[in-house]
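Peer 1: Here's my sequence, what's the structure:
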Amino acid sequence: MEENAVPESAMVIVAHPDDAEFTVAGTVAAWTKTGCRVTYVVCTDGNTGSHEPDMTRERLAELRRTEQRAACAALGVSQVVFLGYDDGQLQPTLDLRRDLVRAIRQYKPEAVITWDPTTLLIGDDYINHPDHRAAAQAALDAAAPASAMPLLWPEVGAPHRVRQVYVFGNEKPNVWVDVTDTIEQKIAALKLHASQMGDWDPAEMIKEWGAESGQEKGLAYAESYRVITLERPDTAD
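Peer 2: Next comes the predicted model:
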């Protein structure tokens with residue numbers, strides 16, 4: 001599989017503000033341009049992600065929420081939900097899974113985008129953040145089967161079936177999204193996370209990653225996914 005239809009609605013589930021802009025924002029921008037309704041769910045406020053001596057967790061949380069809202073606006077994202085868990089302490093608990101089920105049932109996405117929770121070592125210079133892995137595991141568990149089970153947590157909403165899950169960072173992708181026309185939009189959105197970017201310009205790195213993903217399919221820039229189809233339109237109730 002190389003191409004996939006753009007869903008009518010999607011939910012991006014990540015651990016921190018800026019996670020989506022580093023990774024899947026080109027896809028998000030491409031989808032919103034076609035009318036796809038995209039919701040972000042950010043599990044933590046990124047409230048320990050600073051080395052400034054006078055910064056507090058409370059100030060940083062509010063700053064990072066403001067930056068994420070601005071990035072979402074730049075990408076055409078319609079809603080952003082902050083779950084408010086503490087940065088650096090996220091675990092794939094039943095509480096987190098239930099919170100994600102609540103969000104899925106409320107916004108009813110056709111597709112969920114998240115990361116691969118099994119990815120630990122990336123290249124020769126990065127150990128995947130434990131919050132990334134925890135958020136991704138909880139997202140997959142919430143998407144299937146939890147959100148569709150009517151007897152599980154009925155108090156958080158009526159069941160909803162997610163049709164597809166887009167898993168970013170998997171070693172065996174089967175769908176490539178062409179982000180050639182939205183790579184600059186992705187970079188601009190990432191730069192809005194000024195508390196994390198500082199004076200660093202991420203453009204070269206983002207383009208390098210996009211070019212590497214697109215090379216196999218002859219695309220200038222792409223984002224690749226392992227897409228799991230849980231329910232096909234012709235078999236849906």
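Peer 1: Strands along the protein, start to end?
Peer 2: 9-14, 37-44, 79-85, 111-115, 121-122, 126-127, 164-168, 175-178, 222-229 (DSSP state E).
Peer 1: And the last one, what's buried?
Peer 2: The reference is to strand 222-229. Neighbour counts using 16 or more other Cβ atoms under 10 Å place Ala222, Glu223, Ser224, Tyr225, Arg226, Val227, Ile228 of strand 222-229 among the buried residues. To be clear about C-beta, it is placed using only N, CA and C from the backbone, and glycine gets the same treatment.
Peer 1: what's the spacing between the residue nearest to the fourth one when sequence neighbours are not counted and Phe22?
Peer 2: Using Cβ to Cβ, 6 or more residues apart in numbering and skipping the chain neighbours, the partner closest in space to Tyr225 is Tyr166 (4.3 Å). Taking Cβ to Cβ, to the nearest Å as the measure, Tyr166 and Phe22 are separated by 16 Å.
Peer 1: Which strands or helices does the longest helix anywhere in the chain pack on?
Peer 2: The residue-count maximum for a helix in the chain (DSSP state H) belongs to helix 57-75. Judged by 3 or more Cβ pairs under 8 Å, 6 or more residues apart in numbering; DSSP states H and E, the packing partners of helix 57-75 are helix 19-23, helix 25-33, strand 37-44, strand 79-85, helix 183-191, helix 194-197.
Peer 1: change it to 7 Å
Peer 2: Judged by 3 or more Cβ pairs under 7 Å, 6 or more residues apart in numbering; DSSP states H and E, helix 57-75 is in contact with helix 25-33, strand 79-85, helix 183-191, helix 194-197.
Peer 1: Can you show me the CA trace of the last one as PDB?
Peer 2: What that stands for is helix 194-197. Provided in PDB are the C-alpha atoms of helix 194-197 (Å, rounded to 0.1, in the frame of the first residue of the first chain):
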ATOM      1  CA  ALA A 194       9.700  29.100  20.600                       C
ATOM      2  CA  SER A 195      10.400  27.900  24.200                       C
ATOM      3  CA  GLN A 196      11.900  24.700  22.700                       C
ATOM      4  CA  MET A 197      13.400  26.000  19.500                       C
END
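Peer 1: List the buried residues of it.
Peer 2: Those would be Ser195, Gln196, for helix 194-197 by 16+ other Cβ under 10 Å.
Peer 1: contacting residues around that helix?
Peer 2: Outside helix 194-197, the residues that touch it by Cβ atoms under 7 Å, 6 or more residues apart in numbering are Asp18, Gly49, Ser50, Leu63, Arg64, Glu67, Lys191.
Peer 1: rerun at 6 Å
Peer 2: Asp18, Leu63, Lys191 (Cβ atoms under 6 Å, 6 or more residues apart in numbering).
Peer 1: Now do the same contact list for the first one.
Peer 2: Spelled out, it's Asp18. His193, Gln196.
Peer 1: Would you mind measuring from it to Asp201?
Peer 2: Asp18 is 15 Å from Asp201, by Cβ to Cβ.
Peer 1: Equivalent analysis for the last one, please.
Peer 2: The span separating Lys191 from Asp201 equals 8 Å under the rule Cβ to Cβ.
Peer 1: Looking at the two, which is more packed in?
Peer 2: Lys191 (18 against 12; other Cβ atoms under 10 Å).
Peer 1: got the contact list for the more buried one?
Peer 2: With Cβ under 6 Å, 6+ apart, Lys191 has these contacts: Met197.
Peer 1: burial of Ala143, as a residue count?
Peer 2: Around Ala143 there are 27 residues (other Cβ under 10 Å).
Peer 1: same question, the one 4 residues further on
Peer 2: For Ser147, the neighbour count with other Cβ under 10 Å is 26.
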